[in-house]
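In: Sequence plus the predicted model coming up.
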Amino acid sequence: MSTPYSFRDPSGSLEVKEEIALRSVKPAYSAETLAFLRSPIADKLGSRGDLIDTEVLEEGKQGAHLLLGHPRVFFPSYPWEWTPSQLAAAADLTLDLCQDLIEAGWILKDATPSNVLLEGTRPVFVDILSIQRRDPEEALWIAYSQFVRTFLLPLAANRSLGWPLSAMISRRDGYEPDDLFAELGMIQRMGSPLRLLVTLPVLIGGQGTGSQHKSMRRPPYLAQDVLGHSVRSLRRSLRKLTRRHRKSRWSTYEETAAHYSAGDKDRKITFVQECLSLAGPRHVLDIGANVGVFSRIAAASGARVVAWDADVEATERAWLDARAEGADVLPLVADFARPTPATGWNNGETMSLLDRSRGRFDMVMMLAVLHHVLVHDQIPLELVAKLTRELTRSWLLVEWVGPEDGKFRSLSGGRDSLYSELTEAAFLAAFGRYFVPVRRAVLENGRSLHLLRVI
(Lines give C-alpha, C1' and ligand atoms only; values in the text may rest on other atoms or scores of the structure.)
Protein backbone atom coordinates (compact mmCIF):
# COMPACT_ATOMS: atom_id res chain seq x y z
CA MET A 1 0.00 0.00 0.00
CA SER A 2 1.31 3.44 -0.93
CA THR A 3 -0.53 6.62 -0.03
CA PRO A 4 0.41 10.19 -1.07
CA TYR A 5 0.20 12.43 1.95
CA SER A 6 1.81 15.75 1.22
CA PHE A 7 2.40 17.87 -1.85
CA ARG A 8 1.71 21.39 -0.54
CA ASP A 9 5.16 22.02 0.95
CA PRO A 10 7.35 23.80 -1.65
CA SER A 11 10.46 22.19 -0.15
CA GLY A 12 9.43 18.56 -0.61
CA SER A 13 6.78 15.86 -0.40
CA LEU A 14 5.91 12.85 1.71
CA GLU A 15 4.68 9.39 0.76
CA VAL A 16 3.59 6.82 3.34
CA LYS A 17 4.13 3.16 2.52
CA GLU A 18 3.30 0.04 4.51
CA GLU A 19 6.00 0.37 7.16
CA ILE A 20 7.92 3.52 6.27
CA ALA A 21 7.29 7.16 5.41
CA LEU A 22 9.47 8.45 2.55
CA ARG A 23 10.23 12.15 2.40
CA SER A 24 11.66 13.66 -0.77
CA VAL A 25 13.47 16.99 -0.29
CA LYS A 26 14.09 19.28 -3.25
CA PRO A 27 17.75 20.06 -4.02
CA ALA A 28 17.50 23.72 -2.96
CA TYR A 29 16.55 22.64 0.58
CA SER A 30 18.73 19.54 0.94
CA ALA A 31 21.83 21.13 2.48
CA GLU A 32 19.87 22.93 5.22
CA THR A 33 17.85 19.81 5.99
CA LEU A 34 21.00 17.71 6.34
CA ALA A 35 22.63 20.40 8.49
CA PHE A 36 19.69 20.29 10.88
CA LEU A 37 19.57 16.50 11.02
CA ARG A 38 23.27 16.43 11.93
CA SER A 39 22.98 19.18 14.56
CA PRO A 40 23.03 18.73 18.37
CA ILE A 41 19.50 20.11 18.68
CA ALA A 42 18.16 17.40 16.33
CA ASP A 43 19.86 14.76 18.48
CA LYS A 44 18.38 16.31 21.62
CA LEU A 45 14.83 16.45 20.27
CA GLY A 46 15.09 12.95 18.81
CA SER A 47 16.45 11.37 21.98
CA ARG A 48 13.69 13.05 23.95
CA GLY A 49 11.11 11.41 21.67
CA ASP A 50 9.66 14.76 20.57
CA LEU A 51 10.91 14.52 16.98
CA ILE A 52 10.30 11.65 14.58
CA ASP A 53 13.33 9.45 13.86
CA THR A 54 14.90 10.19 10.49
CA GLU A 55 17.27 8.16 8.33
CA VAL A 56 19.07 9.60 5.33
CA LEU A 57 18.45 7.10 2.53
CA GLU A 58 19.91 9.05 -0.40
CA GLU A 59 21.90 12.27 0.00
CA GLY A 60 20.70 13.82 -3.23
CA LYS A 61 24.07 14.58 -4.80
CA GLN A 62 24.46 16.35 -8.17
CA GLY A 63 21.08 18.07 -8.06
CA ALA A 64 19.04 14.99 -7.11
CA HIS A 65 16.41 15.00 -4.38
CA LEU A 66 17.40 14.14 -0.82
CA LEU A 67 15.48 11.05 0.31
CA LEU A 68 14.67 10.57 3.99
CA GLY A 69 12.96 7.69 5.76
CA HIS A 70 10.81 7.88 8.90
CA PRO A 71 9.25 4.99 10.84
CA ARG A 72 5.55 4.86 10.16
CA VAL A 73 3.47 6.00 13.11
CA PHE A 74 1.31 2.96 13.86
CA PHE A 75 -2.06 4.69 13.68
CA PRO A 76 -2.08 8.22 12.24
CA SER A 77 -4.89 10.40 13.52
CA TYR A 78 -6.09 13.91 12.78
CA PRO A 79 -7.12 16.93 14.89
CA TRP A 80 -10.81 16.43 14.04
CA GLU A 81 -10.60 13.05 15.82
CA TRP A 82 -8.91 14.49 18.92
CA THR A 83 -10.21 15.72 22.23
CA PRO A 84 -9.37 19.23 23.52
CA SER A 85 -6.65 17.82 25.78
CA GLN A 86 -5.06 15.99 22.87
CA LEU A 87 -5.01 19.17 20.77
CA ALA A 88 -3.55 21.05 23.75
CA ALA A 89 -0.83 18.38 24.13
CA ALA A 90 0.10 18.82 20.46
CA ALA A 91 0.20 22.60 20.98
CA ASP A 92 2.45 22.19 24.02
CA LEU A 93 4.87 20.05 22.04
CA THR A 94 4.94 22.60 19.21
CA LEU A 95 5.82 25.40 21.63
CA ASP A 96 8.44 23.25 23.39
CA LEU A 97 10.14 22.53 20.07
CA CYS A 98 9.94 26.13 18.95
CA GLN A 99 11.56 27.37 22.15
CA ASP A 100 14.39 24.84 21.95
CA LEU A 101 14.93 25.54 18.25
CA ILE A 102 15.07 29.31 18.81
CA GLU A 103 17.80 28.90 21.40
CA ALA A 104 19.77 26.67 19.00
CA GLY A 105 19.53 29.03 16.00
CA TRP A 106 16.59 27.34 14.24
CA ILE A 107 12.84 27.96 14.12
CA LEU A 108 9.55 26.50 12.88
CA LYS A 109 8.37 28.06 9.63
CA ASP A 110 4.84 26.77 10.24
CA ALA A 111 2.92 25.59 13.28
CA THR A 112 -0.15 23.46 12.71
CA PRO A 113 -1.61 20.32 14.32
CA SER A 114 -0.99 18.41 11.09
CA ASN A 115 2.74 18.50 11.95
CA VAL A 116 2.05 16.35 15.03
CA LEU A 117 0.97 12.73 15.32
CA LEU A 118 0.03 10.82 18.46
CA GLU A 119 1.87 7.63 19.42
CA GLY A 120 -0.45 6.41 22.14
CA THR A 121 -0.53 9.29 24.61
CA ARG A 122 2.74 10.82 23.33
CA PRO A 123 2.64 13.60 20.71
CA VAL A 124 5.48 13.45 18.16
CA PHE A 125 6.51 16.20 15.75
CA VAL A 126 6.82 14.63 12.29
CA ASP A 127 7.40 17.43 9.77
CA ILE A 128 11.18 17.83 9.48
CA LEU A 129 10.79 20.34 6.64
CA SER A 130 8.98 22.76 8.94
CA ILE A 131 12.31 23.46 10.62
CA GLN A 132 14.60 26.10 9.13
CA ARG A 133 17.54 28.27 10.15
CA ARG A 134 16.58 31.35 12.11
CA ASP A 135 17.55 34.80 10.92
CA PRO A 136 19.35 36.02 14.08
CA GLU A 137 17.96 39.54 13.68
CA GLU A 138 14.32 38.56 13.00
CA ALA A 139 12.17 39.15 16.09
CA LEU A 140 8.83 37.94 14.72
CA TRP A 141 7.86 34.28 14.48
CA ILE A 142 6.30 33.90 11.04
CA ALA A 143 4.17 30.95 12.20
CA TYR A 144 2.70 32.84 15.18
CA SER A 145 -0.62 33.58 13.50
CA GLN A 146 -0.93 30.04 12.15
CA PHE A 147 -0.45 28.66 15.65
CA VAL A 148 -3.25 30.93 16.86
CA ARG A 149 -5.57 29.95 14.00
CA THR A 150 -5.04 26.19 14.17
CA PHE A 151 -4.46 25.57 17.88
CA LEU A 152 -5.71 28.40 20.08
CA LEU A 153 -8.82 29.56 18.24
CA PRO A 154 -10.25 26.01 17.85
CA LEU A 155 -9.68 25.48 21.58
CA ALA A 156 -11.26 28.85 22.32
CA ALA A 157 -14.27 28.08 20.12
CA ASN A 158 -14.68 24.73 21.84
CA ARG A 159 -14.39 26.14 25.35
CA SER A 160 -16.44 29.33 24.93
CA LEU A 161 -18.91 28.44 22.15
CA GLY A 162 -19.13 24.64 22.31
CA TRP A 163 -17.94 24.23 18.72
CA PRO A 164 -16.71 20.64 18.31
CA LEU A 165 -13.15 20.00 17.21
CA SER A 166 -14.63 17.68 14.58
CA ALA A 167 -15.51 20.85 12.64
CA MET A 168 -11.79 21.23 11.92
CA ILE A 169 -12.20 18.64 9.18
CA SER A 170 -13.35 21.49 6.93
CA ARG A 171 -10.95 24.07 8.40
CA ARG A 172 -7.50 23.16 7.09
CA ASP A 173 -6.04 26.48 8.26
CA GLY A 174 -8.12 26.87 11.39
CA TYR A 175 -10.30 29.84 12.39
CA GLU A 176 -9.93 33.56 11.91
CA PRO A 177 -10.67 35.93 14.82
CA ASP A 178 -13.75 37.20 12.92
CA ASP A 179 -15.23 33.69 12.97
CA LEU A 180 -15.45 33.77 16.77
CA PHE A 181 -16.01 37.48 17.36
CA ALA A 182 -19.55 37.55 15.97
CA GLU A 183 -20.62 34.65 18.20
CA LEU A 184 -19.05 35.77 21.47
CA GLY A 185 -20.86 37.86 24.06
CA MET A 186 -19.40 41.17 25.24
CA ILE A 187 -18.05 39.74 28.48
CA GLN A 188 -16.43 36.83 26.63
CA ARG A 189 -14.83 39.19 24.12
CA MET A 190 -13.14 41.21 26.85
CA GLY A 191 -11.97 38.26 28.93
CA SER A 192 -8.51 36.76 28.79
CA PRO A 193 -7.19 35.40 26.47
CA LEU A 194 -9.99 36.10 23.97
CA ARG A 195 -9.39 39.84 24.22
CA LEU A 196 -5.89 39.30 22.82
CA LEU A 197 -6.64 36.48 20.39
CA VAL A 198 -9.99 37.61 18.98
CA THR A 199 -11.18 41.08 20.00
CA LEU A 200 -8.08 43.21 19.43
CA PRO A 201 -7.25 41.67 16.01
CA VAL A 202 -10.83 42.32 14.84
CA LEU A 203 -11.00 45.86 16.21
CA ILE A 204 -7.69 46.94 14.69
CA GLY A 205 -8.40 45.36 11.34
CA GLY A 206 -6.44 42.13 11.51
CA GLN A 207 -3.11 43.69 12.49
CA GLY A 208 -3.00 42.28 16.00
CA THR A 209 -1.98 38.91 17.34
CA GLY A 210 -4.07 37.04 14.82
CA SER A 211 -1.88 37.95 11.86
CA GLN A 212 1.78 38.77 12.34
CA HIS A 213 3.51 38.74 8.98
CA LYS A 214 5.77 41.82 8.82
CA SER A 215 9.45 41.63 9.57
CA MET A 216 10.78 43.20 12.76
CA ARG A 217 14.57 43.56 12.83
CA ARG A 218 16.38 43.73 16.15
CA PRO A 219 19.90 43.03 17.41
CA PRO A 220 20.39 39.24 17.74
CA TYR A 221 20.25 39.12 21.54
CA LEU A 222 17.05 41.21 21.58
CA ALA A 223 15.45 39.29 18.69
CA GLN A 224 15.86 36.02 20.60
CA ASP A 225 14.34 37.58 23.72
CA VAL A 226 11.33 38.84 21.74
CA LEU A 227 10.80 35.42 20.16
CA GLY A 228 11.02 33.74 23.56
CA HIS A 229 8.46 36.18 24.94
CA SER A 230 6.10 35.38 22.05
CA VAL A 231 6.32 31.65 22.78
CA ARG A 232 5.71 32.23 26.50
CA SER A 233 2.71 34.43 25.71
CA LEU A 234 1.20 31.73 23.51
CA ARG A 235 1.75 29.18 26.25
CA ARG A 236 -0.07 31.37 28.78
CA SER A 237 -3.01 31.63 26.39
CA LEU A 238 -2.94 27.87 25.88
CA ARG A 239 -3.09 27.28 29.64
CA LYS A 240 -6.14 29.52 29.94
CA LEU A 241 -7.89 27.64 27.14
CA THR A 242 -7.23 24.19 28.59
CA ARG A 243 -10.72 23.46 29.80
CA ARG A 244 -11.88 21.55 32.83
CA HIS A 245 -13.19 18.06 32.16
CA ARG A 246 -16.95 18.01 31.60
CA LYS A 247 -19.39 15.19 32.17
CA SER A 248 -21.64 13.61 29.59
CA ARG A 249 -24.13 10.76 29.61
CA TRP A 250 -21.38 8.29 28.70
CA SER A 251 -18.35 9.71 30.51
CA THR A 252 -19.79 8.47 33.83
CA TYR A 253 -21.02 5.14 32.43
CA GLU A 254 -18.60 3.00 34.45
CA GLU A 255 -19.83 4.50 37.73
CA THR A 256 -23.53 4.47 36.84
CA ALA A 257 -23.88 1.15 34.96
CA ALA A 258 -26.26 -0.44 37.47
CA HIS A 259 -27.13 -3.27 35.05
CA TYR A 260 -23.80 -4.90 35.99
CA SER A 261 -23.53 -6.27 39.50
CA ALA A 262 -20.14 -6.16 41.20
CA GLY A 263 -19.83 -9.87 40.44
CA ASP A 264 -20.67 -9.35 36.77
CA LYS A 265 -18.07 -6.60 36.48
CA ASP A 266 -15.43 -8.88 37.98
CA ARG A 267 -16.43 -11.80 35.72
CA LYS A 268 -16.31 -9.58 32.65
CA ILE A 269 -12.85 -8.25 33.52
CA THR A 270 -11.58 -11.77 34.25
CA PHE A 271 -12.94 -13.12 30.95
CA VAL A 272 -11.36 -10.27 28.98
CA GLN A 273 -8.02 -10.79 30.69
CA GLU A 274 -8.15 -14.55 29.98
CA CYS A 275 -8.95 -13.89 26.31
CA LEU A 276 -6.10 -11.42 25.99
CA SER A 277 -3.73 -13.93 27.59
CA LEU A 278 -4.88 -16.67 25.19
CA ALA A 279 -4.77 -14.54 22.04
CA GLY A 280 -1.67 -12.48 22.89
CA PRO A 281 -2.51 -9.63 20.49
CA ARG A 282 0.12 -7.01 19.69
CA HIS A 283 -2.35 -4.46 18.32
CA VAL A 284 -5.90 -4.06 19.61
CA LEU A 285 -8.79 -1.94 18.37
CA ASP A 286 -11.36 -1.19 21.09
CA ILE A 287 -14.61 -0.09 19.43
CA GLY A 288 -17.00 1.77 21.71
CA ALA A 289 -14.25 2.06 24.30
CA ASN A 290 -16.07 4.57 26.50
CA VAL A 291 -13.63 5.81 29.18
CA GLY A 292 -11.07 3.17 28.26
CA VAL A 293 -11.23 0.69 31.15
CA PHE A 294 -10.85 -2.33 28.87
CA SER A 295 -8.46 -0.46 26.57
CA ARG A 296 -6.08 -0.09 29.51
CA ILE A 297 -6.55 -3.74 30.45
CA ALA A 298 -5.54 -4.67 26.90
CA ALA A 299 -2.53 -2.34 27.13
CA ALA A 300 -1.52 -3.94 30.43
CA SER A 301 -1.41 -7.29 28.60
CA GLY A 302 1.30 -5.86 26.31
CA ALA A 303 -0.81 -4.65 23.36
CA ARG A 304 -0.79 -1.29 21.64
CA VAL A 305 -4.38 -0.09 21.69
CA VAL A 306 -6.42 2.28 19.55
CA ALA A 307 -9.73 3.13 21.21
CA TRP A 308 -12.75 4.59 19.39
CA ASP A 309 -15.73 6.24 20.98
CA ALA A 310 -18.18 8.77 19.57
CA ASP A 311 -18.60 10.59 22.90
CA VAL A 312 -16.06 13.42 23.25
CA GLU A 313 -16.15 13.59 27.04
CA ALA A 314 -15.74 9.84 27.48
CA THR A 315 -12.81 9.91 25.05
CA GLU A 316 -11.29 12.88 26.90
CA ARG A 317 -11.43 10.96 30.14
CA ALA A 318 -9.93 7.89 28.44
CA TRP A 319 -7.02 10.01 27.18
CA LEU A 320 -6.37 11.66 30.56
CA ASP A 321 -6.51 8.33 32.41
CA ALA A 322 -4.23 6.61 29.88
CA ARG A 323 -1.71 9.45 30.16
CA ALA A 324 -1.80 9.32 33.94
CA GLU A 325 -1.17 5.57 33.91
CA GLY A 326 1.36 5.63 31.07
CA ALA A 327 -0.81 3.15 29.14
CA ASP A 328 -0.12 2.59 25.43
CA VAL A 329 -3.61 3.64 24.38
CA LEU A 330 -4.66 6.12 21.69
CA PRO A 331 -8.27 7.20 22.36
CA LEU A 332 -9.97 8.87 19.40
CA VAL A 333 -13.35 10.50 18.88
CA ALA A 334 -14.54 8.09 16.21
CA ASP A 335 -17.90 6.59 15.33
CA PHE A 336 -17.86 2.99 14.07
CA ALA A 337 -21.13 3.53 12.19
CA ARG A 338 -20.12 6.92 10.75
CA PRO A 339 -16.35 6.68 10.27
CA THR A 340 -14.20 9.68 9.45
CA PRO A 341 -13.90 10.14 5.67
CA ALA A 342 -10.79 10.81 3.61
CA THR A 343 -10.19 14.52 3.03
CA GLY A 344 -8.20 17.01 1.03
CA TRP A 345 -7.38 17.27 -2.65
CA ASN A 346 -8.83 14.27 -4.50
CA ASN A 347 -9.53 12.76 -1.07
CA GLY A 348 -5.84 11.90 -0.99
CA GLU A 349 -4.31 14.09 1.73
CA THR A 350 -5.72 12.25 4.71
CA MET A 351 -6.87 8.64 4.89
CA SER A 352 -10.33 7.59 6.00
CA LEU A 353 -10.66 5.98 9.42
CA LEU A 354 -11.40 2.58 7.87
CA ASP A 355 -8.53 2.72 5.38
CA ARG A 356 -6.17 3.33 8.29
CA SER A 357 -7.68 0.40 10.18
CA ARG A 358 -8.27 -2.50 7.82
CA GLY A 359 -5.96 -5.38 8.63
CA ARG A 360 -3.94 -3.38 11.17
CA PHE A 361 -5.16 -5.15 14.31
CA ASP A 362 -4.70 -8.62 15.78
CA MET A 363 -7.83 -8.24 17.88
CA VAL A 364 -10.97 -6.13 17.81
CA MET A 365 -12.96 -5.67 21.02
CA MET A 366 -16.64 -4.68 20.96
CA LEU A 367 -17.86 -4.71 24.54
CA ALA A 368 -21.40 -3.49 25.24
CA VAL A 369 -21.55 -1.66 21.91
CA LEU A 370 -22.93 -4.07 19.28
CA HIS A 371 -26.57 -3.54 20.31
CA HIS A 372 -26.12 0.22 19.84
CA VAL A 373 -24.92 -0.35 16.29
CA LEU A 374 -27.82 -2.70 15.56
CA VAL A 375 -30.58 -0.56 17.06
CA HIS A 376 -29.45 3.05 17.18
CA ASP A 377 -27.54 2.98 13.89
CA GLN A 378 -29.75 0.36 12.17
CA ILE A 379 -26.79 -1.61 10.78
CA PRO A 380 -27.61 -5.28 9.97
CA LEU A 381 -25.70 -8.02 11.77
CA GLU A 382 -24.24 -9.34 8.54
CA LEU A 383 -22.65 -5.99 7.66
CA VAL A 384 -21.19 -5.56 11.13
CA ALA A 385 -19.68 -9.04 10.94
CA LYS A 386 -18.14 -8.33 7.54
CA LEU A 387 -16.55 -5.05 8.61
CA THR A 388 -15.15 -6.43 11.86
CA ARG A 389 -13.53 -9.21 9.84
CA GLU A 390 -11.87 -6.57 7.66
CA LEU A 391 -10.50 -4.82 10.73
CA THR A 392 -9.02 -7.80 12.56
CA ARG A 393 -6.42 -10.25 11.35
CA SER A 394 -7.06 -12.86 14.02
CA TRP A 395 -9.43 -12.29 16.95
CA LEU A 396 -12.75 -10.70 17.87
CA LEU A 397 -13.94 -10.21 21.45
CA VAL A 398 -17.59 -9.19 21.51
CA GLU A 399 -20.36 -8.80 24.08
CA TRP A 400 -23.82 -9.92 22.99
CA VAL A 401 -26.79 -7.97 24.37
CA GLY A 402 -30.12 -9.35 23.20
CA PRO A 403 -33.62 -7.85 22.82
CA GLU A 404 -34.62 -9.14 26.26
CA ASP A 405 -32.02 -6.88 27.92
CA GLY A 406 -33.38 -3.77 29.62
CA LYS A 407 -30.89 -1.47 27.95
CA PHE A 408 -31.70 -2.98 24.56
CA ARG A 409 -35.41 -2.32 25.14
CA SER A 410 -34.61 1.23 26.17
CA LEU A 411 -32.77 1.75 22.88
CA SER A 412 -35.54 0.16 20.81
CA GLY A 413 -38.11 2.56 22.26
CA GLY A 414 -40.99 0.06 22.37
CA ARG A 415 -40.32 -1.35 18.90
CA ASP A 416 -39.43 -4.76 20.30
CA SER A 417 -41.12 -6.62 17.45
CA LEU A 418 -38.66 -5.12 14.95
CA TYR A 419 -35.76 -6.84 16.70
CA SER A 420 -37.26 -10.16 17.75
CA GLU A 421 -35.01 -12.02 15.29
CA LEU A 422 -31.84 -10.62 16.87
CA THR A 423 -31.09 -13.68 18.95
CA GLU A 424 -27.74 -14.96 20.12
CA ALA A 425 -28.09 -17.78 17.58
CA ALA A 426 -28.59 -15.23 14.80
CA PHE A 427 -25.53 -13.33 16.01
CA LEU A 428 -23.39 -16.49 15.94
CA ALA A 429 -24.70 -17.43 12.51
CA ALA A 430 -23.92 -14.02 11.02
CA PHE A 431 -20.43 -13.87 12.51
CA GLY A 432 -19.91 -17.57 11.79
CA ARG A 433 -19.28 -16.73 8.13
CA TYR A 434 -15.97 -15.18 9.17
CA PHE A 435 -15.16 -16.45 12.68
CA VAL A 436 -15.24 -19.63 14.77
CA PRO A 437 -16.19 -19.49 18.46
CA VAL A 438 -13.40 -20.20 20.93
CA ARG A 439 -14.73 -19.15 24.34
CA ARG A 440 -18.03 -18.01 25.81
CA ALA A 441 -19.10 -16.69 29.21
CA VAL A 442 -22.56 -15.72 30.44
CA LEU A 443 -23.06 -13.00 33.03
CA GLU A 444 -25.79 -12.98 35.68
CA ASN A 445 -27.55 -10.16 33.84
CA GLY A 446 -27.98 -12.42 30.80
CA ARG A 447 -25.34 -10.81 28.61
CA SER A 448 -22.80 -13.12 27.00
CA LEU A 449 -19.14 -12.62 26.09
CA HIS A 450 -17.63 -14.33 23.06
CA LEU A 451 -14.08 -14.82 21.90
CA LEU A 452 -14.05 -15.59 18.18
CA ARG A 453 -11.15 -16.45 15.89
CA VAL A 454 -10.86 -15.65 12.19
CA ILE A 455 -11.57 -18.69 9.99
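Out: Happy to help now that I have it. Numbers count the residues shown, from 1 in each chain.
In: Could you use CA atoms for every contact and neighbour count after this?
Out: Will do.
In: Surely residue 177 is in contact with residue 202?
Out: Yes. Taking contacts as C-alpha atoms under 8 Å, residue 177 lies within contact range of residue 202: 6.4 Å.
In: hey, where'd the strands end up in the stretch 1-150 of the chain?
Out: 3-6, 12-16, 20-25, 55-58, 66-71, 106-108, 116-119, 122-125, 131-133 (DSSP state E, counting those that start in this stretch).
In: and residue 330, which of the ones you listed is closest to it?
Out: Closest approach to residue 330 among the strands of the stretch 1-150 of the chain is made by strand 116-119 (7.1 Å; C-alpha to C-alpha).
In: other SSEs contacting the closest one?
Out: On a contact count with 3 or more C-alpha pairs under 8 Å, 6 or more residues apart in numbering; DSSP states H and E, strand 116-119 meets strand 122-125.
In: for the strand it packs on, packing partners?
Out: So strand 122-125, by 3+ C-alpha pairs under 8 Å, 6+ apart, packs with helix 84-103, strand 116-119.
In: and residue 384, which of the strands of the stretch 1-150 of the chain is closest to it?
Out: Closest among the strands of the stretch 1-150 of the chain, using C-alpha to C-alpha: strand 3-6, at 26.5 Å.
In: Return the set of residues that bridge with the closest residue to residue 59 other than its chain neighbours.
Out: Leaving aside its sequence neighbours, residue 59 sits nearest to residue 66 (C-alpha to C-alpha, 6 or more residues apart in numbering; 4.9 Å). Here residue 66 sits in beta bridges with residue 25, as judged by DSSP bridges.
In: Need the per-residue pLDDT for residue 66.
Out: Note on residue 66: pLDDT of 94.
In: and what of residue 208?
Out: Confidence score, pLDDT, at residue 208: 44.
In: Equivalent analysis for residue 441, please.
Out: You'll see residue 441 listed with a pLDDT of 97.
In: gap between the two ends of stretch 163-170?
Out: End-to-end distance for stretch 163-170: 13 Å, by C-alpha to C-alpha, to the nearest Å.
In: What residues sit buried inside it?
Out: 164, 165, 166, 168, 169 (16 or more other C-alpha atoms under 10 Å).
In: Specify the beta-bridge partners of the closest residue to residue 7 other than its chain neighbours.
Out: By the measure of C-alpha to C-alpha, 6+ apart, the closest residue to residue 7 outside its immediate chain neighbours is residue 13, 5.0 Å from it. Judged by DSSP bridges, the bridge partners of residue 13 are residue 24.
In: Need the buried residues of stretch 163-170 in a markdown table (columns: pLDDT, secondary structure and distance to residue 36).
Out: Shown next, in a markdown table, are these (pLDDT from 0 to 100; DSSP: H, G, I helix; E, B strand; the rest coil; distance: C-alpha to C-alpha, whole Å):
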| residue | pLDDT | secondary structure | distance to residue 36 |
| --- | --- | --- | --- |
| 164 | 96 | coil | 37 |
| 165 | 96 | helix | 33 |
| 166 | 96 | helix | 35 |
| 168 | 95 | helix | 32 |
| 169 | 95 | helix | 32 |
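In: what residue ranges in the stretch 51-200 of the chain score low on pLDDT?
Out: Scanning the stretch 51-200 of the chain for pLDDT under 70 picks out 62.
In: so which of the helices and strands packed on strand 122-125 is the most packed in?
Out: For the helices and strands packed on strand 122-125, average neighbour numbers computed from mean count of other C-alpha atoms under 10 Å are highest in strand 116-119, which has a mean of 22.
In: What strands flank that one, and is each parallel or antiparallel?
Out: Applying DSSP bridges, one finds strand 116-119 paired with strand 122-125 (antiparallel).
In: Please identify the buried residues of the partner strand?
Out: 122, 123, 124, 125.
In: residues contacting the last one?
Out: Which is residue 125. 50, 51, 52, 93, 94, 115, 116, 117 (C-alpha atoms under 8 Å, 6 or more residues apart in numbering).
In: Against residue 59, how distant is it?
Out: 22 Å.
In: ditto for the second one
Out: Here residue 123 is placed at a distance of 28 Å from residue 59 (C-alpha to C-alpha).
In: which residues of the stretch 301-450 of the chain fall in helices?
Out: Assigned by DSSP state H, counting those that start in this stretch, the helices in the stretch 301-450 of the chain fall at 312-325, 353-357, 370-375, 381-391, 406-412, 424-431.
In: Run through the neighbouring helices and strands of the last one.
Out: It stands for helix 424-431. So helix 424-431, by 3+ C-alpha pairs under 8 Å, 6+ apart, packs with helix 381-391.
In: returning to what we had before: test my guess that the residue nearest to residue 7 contacts residue 65.
Out: No. Contact criterion C-alpha under 8 Å: residue 13 and residue 65 do not qualify, at 10.5 Å.
In: between the two, what contacts are shared?
Out: 24, 25.
In: Could you pull out the buried residues of stretch 46-56?
Out: For stretch 46-56, burial by neighbour count (16+ other C-alpha under 10 Å) applies to 46, 50, 51, 52, 53, 54.
In: just checking, which of these belong to helices?
Out: Taking DSSP state H as the definition of helices, the buried residues of stretch 46-56 contribute residue 46.
In: Identify the farthest-apart pair in the buried residues of stretch 46-56.
Out: 50 and 54 (12.3 Å).
In: Give me the common contacts of those two.
Out: If you check residue 50 and residue 54 against C-alpha under 8 Å, 6+ apart, no residue is contacted by both.
In: Which residue ranges make up the domains of the protein?
Out: The chain breaks down by automatic domain parsing into domains covering 3-71, 79-241, 253-454.
In: Remind me what the longest helix anywhere in the chain packs against, helices and strands.
Out: Ranked by residue count under DSSP H, the longest helix found in the chain is helix 220-241. For helix 220-241, the packing partners by 3+ C-alpha pairs under 8 Å, 6+ apart come out as helix 84-103, helix 153-161.
In: who's in contact with residue 412?
Out: 375, 376.
In: just residue 297 next, same as before
Out: Contacts of residue 297 by C-alpha under 8 Å, 6+ apart are residue 273.
In: quick one: which helix or strand includes it?
Out: In the assignment (DSSP states H and E), residue 297 maps to helix 293-300.
In: Next, the buried residues of that helix.
Out: Of the residues in helix 293-300, those buried (16+ other C-alpha under 10 Å) are 294, 295, 296, 297, 298, 299, 300.
In: Excluding chain neighbours, give the residue nearest to residue 153 in space.
Out: Spatial nearest neighbour of residue 153, chain neighbours left out: residue 175 (6.0 Å); criterion: C-alpha to C-alpha, 6+ apart.
In: same deal with residue 111?
Out: Nearest one to residue 111, counting by C-alpha to C-alpha, 6+ apart, is residue 147 at 5.1 Å.
In: And that neighbour, how far from residue 109?
Out: Taking C-alpha to C-alpha, one finds residue 147 at 11 Å from residue 109.
In: Give me the more crowded residue out of those two.
Out: The neighbour comparison of residue 147 against residue 109 (other C-alpha atoms under 10 Å) goes to residue 147, with 22 against 17.
In: how far away is the more buried one from residue 424?
Out: From residue 147 to residue 424 the distance is 52 Å (C-alpha to C-alpha).
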